[in-house]
Every structure is written in C-alpha cells, then in structure tokens.
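Enquirer: Quick one: sequence and predicted model below, then my questions.
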Amino acid sequence: MSELERLTERLTAALPPDAVLTDPVRLRTYECDGLTHHRATPGVVVLPETAEQVAAVVRLCGEHGVPFVARGSGTGLSGGALPRTDGVLIVTSRMRRILEIDIPNRRAVVEPGVTNLAITEAVRDRGYYYAPDPSSQQVCSIGGNVAENSGGAHCLKYGFTVNHVLSAEIVTPDGEIVELSAQDPGYDLLGAFIGSEGTLGIATKITVRLSRAPEVVTTLLAAFTGIEAGGRAVSAIIAAGVVPAAIEMMDALAIEAAEAAVHCRYPAGAGAVLVVELDGPHAEVEHQFAAVERICRDNGAFEIRVAASAEERAAIWKGRKSAFAAVGRISPAYIVQDGVVPRTALPRVLAGIDLLQEEYGIRVANVFHAGDGNLHPLVLFDDSVPGEAERAEAVSGRILDLCVEHGGSITGEHGVGVDKARYMPRMFTEDDLDTMQLVRCAFDPRGLANPGKVFPTPRLCGEVPGVRRGAHPLVEAGLAEQF
Amino acid sequence: MAARDVGDALEAAGVAVRAAGDGDEVAGVRPRWVALPESAEEIAAVMRVCAAHDLAAVATGGGTKLHWGAPPDRCDVLVDLCCMNRPPEHAAGDLVVRAQAGVTVEALARALAEGGQELALDVPVPGTTVGGLLATGIAGPRRFRHGTARDLLIGVTVVLADGTIAKSGGKVVKNVAGYDLGKLFTGSYGTLGIIADATFRLHPLPAARAWVTATVERPVTETYGTWTNEDGLTFETLTTDLAGSLATMVPAVTESPLEPSAVEMDWPDAEGPCTVAVLVEGAAAAERAKALCALIGGALSDAQVTEEPPPWWGRLPEPPAPDGPPGPLGAGTGAGDGDGGEILLEVRNVPSRLAGSFVGPLTAAREAGVHAAVRGSLASHVFHVALPPDTEPRRVAAFTGGLRAHMETDGDGRVVVLAAPQEAARRLDRWGHVGALPLMRRVKERFDPDRRLSPGRFLGGI
Amino acid sequence: MDPELIKDCVHCGFCLPTCPTYVLWGEEMDSPRGRIHLMGQHVEGTPLTDAMAGHFDACLGCMACVTACPSGVRYDRLIEQTRAVVEREHVRRPDERAIRALVFALFPYRRRLRAMRLPMRLSRRLQPFLEQVHPSLGAMAELAPDAPRPVRLPPLVRARRRRRARVGLLTGCVQGEFFPQVNAATARVLALEGCDVVIPPRQGCCGALSLHSGREAEARRFARRTIAVFERAGVDAVVVNAAGCGSSMKDYAEVLADEPGWAARARALRTRDLAEFLIELGPVAGRHPLPVTIAYHDACHLAHAQGVRAQPRELLRAIPGLELREIGESAVCCGSAGTYNLFQPEAARQLGDRKAERVLAAGADLLVSANPGCTMQIAASVRRAGKGEIRVAHTAEVLDASLRGLGSV
C-alpha cells in the first residue's frame, strides 16, 4: 500500500462521505486549471466544507509526507492549481458561504469558494462593491484571488486583492488555523501570504473591504486607427494628471475575436480601441471626462462613444472581458500571456512583439491594461499544424524577455504558477529567490504546500546556499523539476 | 574581539565608521560604532563584518523614531543610512519613483512635485526617511484614500543579516512575480533586514485641495443618574456616550459620494473640545468641500471651508501639559518620576465602534489620572494618543491597560504603545496579544537566525 | 460526441456558476466544463463508466452554460449527442429503466396523459407511499397539478381585427392537458393582435422530451410528424408557448441533419416563441391596466436555449399598472428541466427549494413563466416549503387579461 493510499483511507475516515474522490474518471476532470497545457491527474481530491476539515486534511498530509495543492474554481492561467499525481488536491468549491456582511464597518467575511462577483452582488443594493475585478470575476473564487493577488481592469486606481483584504484565517502547512490581520501589529504576514500562490497555506475565511460605489461612472470607448495612436492617448491622459478607474486597449485582432464572440459592435475599421472608465464624484468626473475626450480626439480618435446607461456600459465591457475566451473563435488554440512593462516602454515593446510575429509567422492579438502597462498578448496557433505550437511557445517566452529587458515583470496578475517558474531567474537573482525561500521555509519547512510552483528548483529549507552537487533531493523525490 | 579589530574590519570593507556618541543611543542602548554606508553593497559589507564578529546592528535613517519600540537586547553597530541619499529616480511617465533609504520624505516630495506628482502618504514625523517610513509603517490622514506605505510600495532592495542583497517587486505598478518581501519588511522595525532602497507608485498632485473644519465642544456626553440596588441602596451613575452630532456626521462624511480624501480629528485634551477636519482633493475640490460643509454644518454649526489645512493636520498629537489633578491612583502629581521620554500610543478601531475611540481615551485618562491628547483618522479609525512625557510610569501602564480594556473587547480594536520610557514600558505590554506571533517568530528565525538585527526591538521579543 | 466541438472548450470555467448541479454540489464533474472533459475522456477511449453516465444524467440540459460561454461551445449539441451515446452504451439499473419507460410511454401522448389525470390527482394523497416505492414516483405525485376543466380549442381562431399574419399554434402535451387555459389565452391574444390562428387537431408531441433524453429515433419520428402537420396548415409561423417545445422545434434542422429532405423542410418552418413573435409583430391591441406585481421566471429553454429574455419582460412592462420584479439567480434552473424532476428527484427538489426561496423573496403577487414544467416545479417547491399555493400564470394569460380588460389575472 502506497503512502497516498494509506493517507486516502484516513482522509475518507476524517471527512464526510462524498468529500473524497478517488474514481479515476472523476479525478481526471481536475487535471488542469484554466491553463490546459499543463496536466496532472491528482492522486486524490478532497472537497472540504469547513476550515477544520481543511486543517485535518493538511495535518494528515503532513503526517504522511504527502504534498497538497489548493484549488478554487480552477480558472487560474498559470497552472497554479496544477495537481500532483502523488498528492492531494484540496478543492474549496464547497466552501462558498458569505458569512457576514458588515456595512457599517465596510467589510464582508466570506469563505474561500465564494466567487468574486458574488460579494459585489450581495452588497450592491446597499451602494457598495468589492473593488478587484478580474475578467473572470463571475467564476473565480476569493480564495484563488488571495492566492494570486488578483487585479483586474480597475486596479489602476483601486489596487489589487492585497489592498482589499483586511484579514484572513489560514490553515498553515502544518495544519494550524491562524488568523492574519492587517490590523495586528507585527510582520505583515497577510501581505506576504496574499499572492503566494498556495505555497504558504490555504485561506479558509477571508474578510474583504467593501468599497463605496462611486457617485458617477463614465465609460468611454475611443476608436483609433492603430495601437500607436491609442498608446499616445494613454500617455497623454496620465500626463494630464488623470487617474482613470481603468484604461484598456485592444488591437484589431482582439477586436475581431470579441466581435465574433459577443457582438460588442465596436466601431468598424478600428485598429485599436481604448476603453476609459472614470468614476468618482460627479463634479470630478465631469472635469476629467472633458480632458480625456479632448486628449483622445487630439491623438486621432475617429469615433468616441460614451455609455449612456448601465446596459451600454456593460456592452462596452463585455467585449473586453470576454476577449480571452473569445479568441477561441478565431484560432484553434492560443496562449494567453501576461507581462508588464513600464507604461512608457509600451510602444517599444509592442513594436518588438510585431517583429516577433514576423520572425515566427505567428499571430498575436493584444489586449492590455494600458494604464499600468500590463500586457495580455494572445499568441494564436493551430495545434494541428506541426511545429506551430512550439513556435507559439517560443514567441510567448520571447515576449516575457522583452518585458524583463524593459524593466517589467513576467506576470502582472496571472501569477507564476508552474508555467513561469522557469522564467523567475530572468527577473530575480539567486539571492533574491533564496530570500523569498526564507519565507517559504518559515511557513512550510517541509515544502508540502503546492510544491513545484512559483520557484524553480527550490532549495530545501536548512540547506546552505552555494554550489549543489548531484541531483537535488526534491528532484530525486520527484517533488520538483529541474529547469 | 578588540574594538579596534572591528573598526578596522569595517574600514577595510570600505565603509565610513566612527565611534558612537551620546546621540546615537537606540532606546537607551548605546552602540559602539556607527557605520555610514553609501550603497546596498556597503550595507552588505557592514553586515558581513557583523556576522564575522557576532555583532548586533540597528539601522537608522533620520533617527526620529529610534526611541520607539523596545530597546535592543544588544547593539554594537548603528547602521546610519543618512548617506544613502542620492537624488530619487523619478519616472514621471510611469508614475513611479525609486529612492534610497536615506532620502527624507520631504526631499522626496520636493523632487516629485517638480514633476507634478507625489507619494500619497502624509508621514506625520518630520525628518523621516524612506527607510524609516517603511520600517515603522507609519502613515497619515490620506491612508483612507490611498492606503499606507505597504499599499504604495512596489519594489524594495534589502540587505539581510548575512549580507545577502535581495530585491523583490520591481518598478512596475502591477507585478505578482514571487513573494512580496516589501510588505513583509514594511513595519518590521528593522528586525528582518536593512532596507536599502524602495520603489513607490505615485499619484498626480491634485489640482486643488480644500478642507472643511468644525468644532465639537463636547465629543463625549455624560449623563448623571441614580441606580438603586435590591437592598434599597442608591448609587450615583454616570453614562458616557459619543455626542450625537459626531455619531451622525462621521459616517455621513466618510460614506459620502463626495469622496473626501481624509477625515481627521484633533482632541488636544480629552476633557475639552475637539476639532474635525475633512480634506477634499481634485479639480472640483472647492465645490465638493462646499457640499461637505453643508453636510457637516447640519451637525456642527461652525463648519467652514478653508484653503489651508489646520496647523495640526498630518502631525502626531502634542502631549498635553502635565498639570492634571491627582487621579484615583492615589497621591502624587502624575509627574516627576518618569524619565522624560515620549509617550505615544496607536489605537486602531472599526467604524461601528466610533464611540469607543472617544469614550475609551477619556475614561482611561480619568481612571489613570493622566491627561491625554488624541489625534487621528475618523475615516480609517487609526488614532495616536500622547501623554505628557513626565507621566508616572504606573499611570502610563494604568492608562494603557484601561484603554485596551475599552478598545480590545471584541477583537476589533488594537492598542500599541509606540514609544514609552523604559521605566513605564516595563510595566506594560507594548504590542498586545497577536495570534500569529509563533509564525512571526519563525519568519525572524529564518531571516536572522543569529538575532543580529535589532534583536528584541519588536513584539514578542523578536 | 464530436471531438471538434469538445475542443472548442478552452476550460475558462465561465459556465460553472450558471450550472445548477455545480451550484448544488460544487464538483467539477457536475459542471459543464467537467462534463465536456468527461466527454473528451470517452472520445479518447475511456469506457462509459457508471460514474460518467451518472454525471451526464445529472445534467439538466438547461443550457445556462451555453449563454455564459464566451467561446461559443455548443454544449447543447454535445449533451444531446452524449445522451444518445449513454442511451446506447449504458445499461441502467432496472428501476431506472422502468421509470424511464413509464415516462416515455406517457408524457408524449396526450390521450394517455388525459387518462392519467384522475389517478395523478389521487396520487398526491399517496405521495408518501409512492415516494417510498421510488423517489421518481413520489416526485411525479408531488408535481401533479390539479386537473383543470378540459378546454376544446377550435381548429381555427379568426383574427379579431385586420389580419396581419396566419400562424399555427403548437398546443403541447403537458401544456395542452394540464394548462389548457394557457393555450386558450394564447389563441385569444394572437387573434386580438390580428392573427388567424390555426390549431391542427391532430398535432402530436414535438419530440422535446425524447430529444433531451437521448432517444434520437423517437425524437426524429415526432419531429417529422410535427413538421408535416404544420406544413399542411399553411402558416407564416408556428407559435409555441411552451419553452421546451419551442427550443426543440428550433433544433429540428439539426435533429434531422441526416435526412437532407427533412432538414430542408425543418428550416422552412418558422418557429417562434409567443413573446418573440409578438415583439416581432408589434402591438396593435390596446392594453388595459392590470394592477399586479409579477415575478418573472426565465424558463431555461426560453432564456438560454432560445435567447428569449428581453421580449417577455418588454411585453409585461408595457401593461399599465403592472410591476415587474426580478428573481435572484434568475439564470439558474428551477430543477424542472423537462423530465429531470422525474429522473433526478433529489437534485430537482434541492434546486426547486433554492428557486422557491428566491421567488418568495421577490414578494410578488404572481409568478409568471413561459413553461408549464417550471410552473409545476416551482409551485410544488413552494408547497413543500409550507408557504401554501403560489399563484402562477403564463405570460399569455397575463397579456390576455390585459388585452381583454379583465382587471386581474
């Protein structure tokens, strides 16, 4: 009997009857998250309903030395929830109660499986909302948002998950339930935990900040002949001292895809569209809107539309928010890339991407959060054409190189996961990574929480930095992959 | 290890060193050397010497908060970062700036203002450096709108106890690659490593600013009554509560769609009146301030719009004059046996317990027989409380205990003693109970296993 | 199961929160994304296991996922193909087989349904006993509405003003037997709006139940017959007031894709939901005030399968004095889903309870829906919650009351 089988027996005894999945057909449906080209069938899947059950699972994993991976809605785009064939997948999709809505204190307490949008829907009537809005907000879970420090179109003005979580109850990798609070003195462990991609533990209860809905929201769609003109408009808006709630840009190919999917009816002939959203007090938005409209026109916008109603606003956003999945309509397969560059480097990086398209004969659709320089190039390919997938993969990697060369980041919001662990050394030195590893070792000295993610070849805790000889013990144990 | 050897080793590492003097004390502990590194590499060199000779080090910037926190268990080298003050690298088009740890926030603000931008933090202690700001995590009025240092920090370079130079984050606003060490170091009181430089996201300077101010004569209402027990004995009772004007005005302002950037109060003596001031920023600031003034005017009749902040805006409270009457703790003037140091507490609260933010300090001050000055944010519910420097240690302890009893009843409030003379601090718990302390200890053990960085300065003796 | 259709799924998960079984159980295998993954496993050679078949059977076929999918995955086609495979390859338990045989021998046949009216009414009293025998029988007994007075519709109802169209009316099996007043109201509304309404007396089942349960041959037989009947009627459009029937009739061309002649005839048949048709036609009849608060329930086969969401609301809002309220989680199925509440009574009941809670929260006088199955299901759930009888009506009945100036529904 393997260690995993012994563990499974104990899990079955410790959890409710239908909370442990072992049927191979069922297990396989959990083989990947939103990033489908990394697949691994989990050894066993558990569906706990309480923090105590999560803690029990994690403790048992510790006793048997079996790794575990947490998963929410499985929408991540970096393979952060890629299961371990030799491990336990802890799925929080049954932990989806909104435990408390506390309007006077502007906060809500939720379980990790609650979807991002469900929080907003629960408080909208009372004039509040939950600010981070990843494009997948209707399905992605708050637990997943915490793991990835998710952003969204509006993080330009309002920040990320980490700026909107007040406290979290977590199960540490040794199975203890600990409360991390921004209110407490001491190290900002909450800040370190958010965005740690499941490598420091599992959040089981999250208190989020609710934001007051702005008095006015104005959404403007400006069509340009090309992305250069759109990019100039973005720079001019920022230079004018306006901080919009969001500035999003899509190029012609991305527009084509969105049109095919959701009939968003963006202006015909647009080489790029800019979605600019302004929000705040009426008087402020009026000022800013006049400036933004003038700047767009000065920079060559040939059509400007302003949403007159909530429905029209939704229609403008629909094209943008469905862009990723919509690309499926114009290409058999594609890679969603996520990189960041300083905003002023955008034109140079976009030109670089154009060159890559020519060099590799691969099409790239560009969707990006132009306000903060977060690019989402969609690298299109046909997996039935031999060699095309590899070329697309190469283009995708070269785009990240471009981002790093221009002082940017290999990921702005999708996370490192399993997909980009090998790119981490391009951005960070070995010392940087070893220092981050110190945090990991403090939380998870045995490396059982989501091993193989974020860091390439993690050092064992306690191991002295320096030259390594022979195979790394984690690699030998099959717990890590050498890049 | 002879003193000369260490000095030589530091000098050999190319770092300017001098012998420590009286002014170099860290919360009363005098180091032996002061090192003056000019780069992250030089800090690393200092730390390697410390590692080689088992020396403990404390980092300092402007030295404005060196007396905060507990005294270090030991302190051999003071790492003075005043020379780490190259002009900030301001990328205005990207709305970011990178600054060395020794740059003062005032110098940084001047540099940024030239480009029409600002770091949207109101650091309440003049002379604070970027490093000191991060190490203490201190923030001011606009934390309500923009958050605190942790929310605006996007990249950091740190030097660890063994001399390792590590960075995390970067110079882009949006970045989730790797752990965010910046957050971990923010507010860590120098116990994990020494911050060498930091990169922040910036905001455009608002086109205009306006304040609305108003006075509340008696923030706390007191109602006298009587109560008779089952034996027929009658007692006099006193019920204290928040003034109705404040109770309605504060949520009306903070939740207003007019979006104030900050709502502050200044209450120089808990027995006296309190001033409320609201900041509005933006092109239409004047118009919005007028609307807010009307809103506030409904509750407080002397509300007025001003173009300048009140003099106390964005500063820590000044301690009240120590002329209070003897309190219930018995004889004594309340002054005389303290050691003259700053006594400063930070109170965090939640909006629904606004009354506690006023009744708590007032009641605790009366019970302990001290005078307390309170100032802080009615929007973010973070307040600072200052006591006269000469307040008797046992009264400081009694006040702290009383305040905790009021604020920490249901787990939402927090009271931290930021600064207190050693004599007083021995009688109280500076930090209060923190559930995640064991995890914090484990982090410290990993980063600084030999306890060479500001040992004992932080909570739980970290 | 067409591998090309399976490949269209990019695994984004946007379907998860709209899927009723995922909402209930929070398991990947009981979500559209998970079921498509299971289909993929089967196509790659994994045999159809009991577990797999169970997850396919658990799908309500509500098509909410089709609405939610940004990649345009044809889950509707996929699940129909899959159900056919399940029917062919999967051996069900004997009791499941018996129940299925009973349902398919009964529901698509009006005369048999008519014969069952009295026994079904009696059965409500026997519900606890039937529940013990088999949960599906219990569900049937619980759902059965009171048998109404039979309404006999004439073969032709003339337009009551200048004729603008000649339409056929599908009367439907369950609608016709248990809610004949809805058909009568539909005919009156159409006539008042200037339509000659042809009601072929010999029309049978449209085949919806069979189609949605993977009984392909039976579905094709019903489809061919229905096409032929309405061709003979010589109408501009076939108006359908039952959402499930309308959605399957709109799929006839795909159902009959292997029979090119029939597929072409299917395409020529203009099938319209009543609300869709009335909006296209435009109103001419005057609306009289109707002071009533209405909670409108989106039938899945109308909202998701046919994309008809705005039209019924527009029609209702146009009635003076009427207040329209939305029901929470409106995109999530009530659990009726054709035969689902008979074959998966437990899940259907849970979904019904969830829906009933939200319907009651809307606090309306009247629940309006365009599908007899939904109405029966929600009414039964409200009853089970101990909240008595909720007043229900079809969109057609509300319009009828307004057009005729009845003052109440």
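Expert: Right, received. Where do you want to start?
Enquirer: contacts and neighbour counts: CA atoms only from here.
Expert: Will do.
Enquirer: Wait, a strand at residue B:99?
Expert: Yes: using DSSP: H, G, I helix; E, B strand; the rest coil, the assignment for residue B:99 is a strand.
Enquirer: since we're on it, how many residues are nearby?
Expert: Using other C-alpha atoms under 10 Å in any protein chain shown as the criterion, residue B:99 is surrounded by 25 other residues.
Enquirer: So for it, what's the nearest residue that isn't a sequence neighbour?
Expert: residue B:88 (4.5 Å; C-alpha to C-alpha, 6 or more residues apart in numbering or on different chains).
Enquirer: go on, residue A:145?
Expert: The spatially closest residue to residue A:145, leaving aside those adjacent along the chain, is residue A:161, at 6.6 Å (C-alpha to C-alpha, 6+ apart).
Enquirer: repeat for residue C:78
Expert: In space, residue C:78 is closest to residue C:1, 5.9 Å off (C-alpha to C-alpha, 6+ apart).
Enquirer: didn't that neighbour look like it was pressed against residue C:83?
Expert: No: Residue C:1 is beyond contact range of residue C:83, at 9.4 Å (criterion: C-alpha atoms under 8 Å).
Enquirer: Between those two, tell me which one has more neighbours.
Expert: residue C:83 (24 against 19).
Enquirer: Just the pLDDT at that one, thanks.
Expert: Note for residue C:83: predicted pLDDT of 90.
Enquirer: got the contact list for the helix or strand hosting it?
Expert: Secondary structure assignment for residue C:83, by DSSP states H and E: helix C:75-89. Outside helix C:75-89, the residues within contact range by C-alpha atoms under 8 Å, 6 or more residues apart in numbering or on different chains are C:1-2, C:5-6, C:32, C:36, C:39, C:48, C:53, C:56-57, C:61, C:63, C:65-66, C:211-216.
Enquirer: Next: stretch B:95-106.
Expert: Counting by C-alpha under 8 Å, 6+ apart, B:61-62, B:81-91, B:108, B:117, B:123, B:126-132, B:171-173, B:195-204 sit against stretch B:95-106.
Enquirer: rerun that using 7 Å as the cut-off
Expert: B:61, B:81-86, B:88-91, B:127-131, B:171, B:195-203 (C-alpha atoms under 7 Å, 6 or more residues apart in numbering or on different chains).
Enquirer: Narrow those residues to just the buried residues.
Expert: Among these, those classed as buried by neighbour count (16 or more other C-alpha atoms under 10 Å in any protein chain shown) are B:61, B:81-82, B:84-85, B:88, B:90-91, B:127-131, B:171, B:195-203.
Enquirer: Go through those residues and flag which are in helices.
Expert: Using DSSP state H, the members of the buried ones among the contacts of stretch B:95-106 that fall within helices are B:130-131.
Enquirer: which residues touch residue 242?
Expert: As the question left the chain open, I've gone with chain A. The contact partners of residue A:242, taken as C-alpha under 7 Å, 6+ apart, are residue A:288.
Enquirer: my bad, chain C
Expert: Contacts of residue C:242 by C-alpha under 7 Å, 6+ apart are C:370-372.
Enquirer: So what does it look like in phi/psi?
Expert: phi -110, psi 120 (degrees, to the nearest 10).
Enquirer: Tell me how far it lies from residue C:273.
Expert: 8 Å (C-alpha to C-alpha, to the nearest Å).
Enquirer: on that earlier part again, which of the contacts of residue C:242 ranks first by neighbour count?
Expert: residue C:370 (29 neighbours).
Enquirer: pLDDT score assigned to it?
Expert: According to the model, residue C:370 carries a pLDDT of 88.
Enquirer: Go ahead and confirm it touches residue C:394.
Expert: Yes: assessed by C-alpha atoms under 7 Å, residue C:370 is found in contact with residue C:394 at 5.4 Å.
Enquirer: re the thing from before, how many residues are close by the residue nearest to residue A:145?
Expert: Using other C-alpha under 10 Å, residue A:161 has 28 other residues around it.
Enquirer: can you check the one 5 residues further on too?
Expert: Applying other C-alpha under 10 Å, we find 20 residues neighbouring residue A:166.
Enquirer: follow-up on the earlier one: contact partners for the residue nearest to residue C:78?
Expert: Residue C:1 touches C:39, C:78, C:81-82, counting by C-alpha under 7 Å, 6+ apart.
Enquirer: Also residue B:135?
Expert: Residue B:135 neighbours (C-alpha under 7 Å, 6+ apart): B:185-190.
Enquirer: ok, it to residue B:166 distance?
Expert: Note on residue B:135: its distance to residue B:166, by C-alpha to C-alpha, is 16 Å.
Enquirer: which residues does residue A:178 bridge with?
Expert: For residue A:178, the beta-bridge partners are residue A:170 (DSSP bridges).
Enquirer: who's in contact with residue C:375?
Expert: Contact analysis of residue C:375 by C-alpha under 7 Å, 6+ apart lists C:369, C:392.
Enquirer: now it, what's its secondary structure?
Expert: Following three-state DSSP, the label given to residue C:375 is helix.
Enquirer: Per-residue pLDDT of it, please?
Expert: We note a pLDDT of 85 for residue C:375 in this prediction.
Enquirer: ditto for residue C:112
Expert: Here, the pLDDT recorded for residue C:112 equals 70.
Enquirer: my read: it touches residue C:106, true?
Expert: Yes: counting by C-alpha under 7 Å, residue C:112 touches residue C:106, with 5.8 Å between them.
Enquirer: out of the two, which sits in the busier spot?
Expert: Neighbours were counted for residue C:112 and for residue C:106 using other C-alpha under 10 Å; residue C:106 has more, 17 against 14.
Enquirer: The more buried one is in contact with residue C:100, isn't it?
Expert: No: using C-alpha under 7 Å, residue C:106 is not in contact with residue C:100, being 9.9 Å away.
Enquirer: who touches residue B:62 in this structure?
Expert: B:82, B:127-129.
Enquirer: Just send these back as a markdown table, with distance to chain A too.
Expert: Shown next, in a markdown table, are those (distance: C-alpha to the nearest C-alpha, whole Å):
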| residue | distance to chain A |
| --- | --- |
| B:82 | 25 |
| B:127 | 23 |
| B:128 | 20 |
| B:129 | 20 |
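Enquirer: Give me the phi and psi angles of residue B:306.
Expert: phi -130, psi 160.
Enquirer: any idea how far the nearest residue to it once chain neighbours are set aside is from residue B:276?
Expert: Of all residues not flanking residue B:306 in the chain, residue B:211 sits nearest, at 5.2 Å (C-alpha to C-alpha, 6+ apart). Separation of residue B:211 from residue B:276 (C-alpha to C-alpha): 10 Å.
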